[in-house]
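Undergrad: quick one: sequence and predicted model below, then my questions.
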Amino acid sequence: MKIRIGYGLGAVPSLYPSAKKDPGDFGRVVDDLDKLGFDSLWFPERINAAQLDPIVAMGYVAGRSERLKFGPAVSVVPGRNPVLMAKMLASLDVVSGGRCLPAFGLGIANTAEHQAFMVDRKDRAPWLNEALPLMRRLWSEDVVDHEGERFSFTGARVLPKPIQDPFEVWLGGQAPSELRRTGRLADGWLASFATPASVAIGIQTIEEAAAEAGREMDRGHYGVLIPYVPPGLELPAAALERIRVRQPDAEPEEIVAMGHVALADMVDAFVDVGASKFVLLPFAEPGDWHAELETLAPILEKQT
């Protein structure tokens, strides 16, 4: 099975251009990822945090890079108009020559984030359940009529169509209901704050739900976002708190790889349970981004 290694940005917002930062730093990281052979670059979505909006960041990557794929990890659907969202993502796929990787979710359990999207927690799942099939239709059909509980459209269309056909959608989440939704509606799964044991259980749950829905999941479409800390640095207190909230029964080193050797071992452990796509997410900022990415590049030799 082909292993693909991508990179994630979001936990190190000081990289992004600002009045106090070199505006070229972000671009040079994109250049290095492109030239060193990383498969993709991903942007978590946080409204109330000092990081770039994923759609804006992906547009930058589309124009700056030549081969690097890109995606949100993950984009929050509840609260967004599915026609407009379908249009934005299709446009990104077209201008990049087919390099956009849609990945959706419900959003983190955070009151401020929920308020920003103006969707009550209990309504988030029904919103996604209706919006995702609708976006699929907009990407593949000439004209779409839809009458649902949340959306009503007559003669809706999205042009131009995405270059990728089909335009595959991955979902995040680890709750049983989220895993079953992935099996029913999605093309792949991107796990986060996960252990190999939880990914193995997740894959089994997804495949059971897919079989019940008369579908079959591609075994190469299971991915994991792996937080890591570069050598010589410590896990920030804020990151440790996120781990305790997301995985209270897990030890931090089960979720976050401390150093490059531990990171390579963690990739191997996830491969053993069926994952093959990875997003490496730094939880601390290296002193030299170029040196850090060059050191990580040998992991890409796993892409066989």
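TA: Arrived safely. All values reported here derive from a predicted model rather than from experimental measurement.

Undergrad: tell me where the stretch 1-150 of the chain has helices.
TA: In the stretch 1-150 of the chain, the helices defined using DSSP state H, counting those that start in this stretch lie at 25-36, 54-64, 82-95, 111-117, 121-140.

Undergrad: equivalent analysis for the stretch 151-300 of the chain, please.
TA: Under DSSP H, counting those that start in this stretch, the stretch 151-300 of the chain gives helices at 176-185, 196-212, 237-246, 252-255, 260-272, 289-296.

Undergrad: buried residues, the fifth one. List them.
TA: Same thing as helix 260-272. 260, 262-264, 266-267, 269-271 (16 or more other C-beta atoms under 10 Å). Where you see a C-beta, it was placed from the backbone N, CA and C, and this is true even at glycine.

Undergrad: and those, which two are furthest apart?
TA: His260 and Val271 (16.7 Å; C-beta to C-beta).

Undergrad: can you pull up the most central residue in this protein?
TA: The chain has Ala73 as the residue nearest its centroid, 2.3 Å off, counting by C-alpha atoms, centre = their mean.

Undergrad: that one contacts Leu225, correct?
TA: Yes: in this structure, Ala73 is within contact of Leu225 by C-beta atoms under 8 Å, at 5.9 Å.

Undergrad: okay, and the common contacts of the two?
TA: Common contacts of Ala73 and Leu225, defined by C-beta atoms under 8 Å, 6 or more residues apart in numbering, comprise 8, 42, 190, 192, 279, 281.

Undergrad: tell me which of those fall in strands.
TA: In strands, judged by DSSP state E, the following of the shared contacts of Ala73 and Leu225 are found: 8, 42, 190, 192, 279, 281.

Undergrad: looking at neighbours, which among the residues you listed is most surrounded?
TA: Leu190 (29 neighbours; other C-beta atoms under 10 Å).

Undergrad: mind pulling up the pLDDT for it?
TA: What the model reports as pLDDT for Leu190 is 98.

Undergrad: what number of residues lie near the nearest residue to it once chain neighbours are set aside?
TA: The shortest distance from Leu190 to any residue other than its chain neighbours is 4.6 Å, reached at Gly223 (C-beta to C-beta, 6 or more residues apart in numbering). Neighbourhood size, Gly223 [other C-beta under 10 Å]: 27.

Undergrad: need the contact list for Gly223.
TA: 170, 188-191, 275-279.

Undergrad: same check on Pro102?
TA: 71-72, 75, 89, 167-170.

Undergrad: where does the prediction get shaky in the stretch 151-300 of the chain?
TA: By pLDDT under 70, the stretch 151-300 of the chain has no low-scoring segment.

Undergrad: 90 - rerun?
TA: 236-250, 285, 287, 298-300 (pLDDT under 90).

Undergrad: right, I'll call it a day here.
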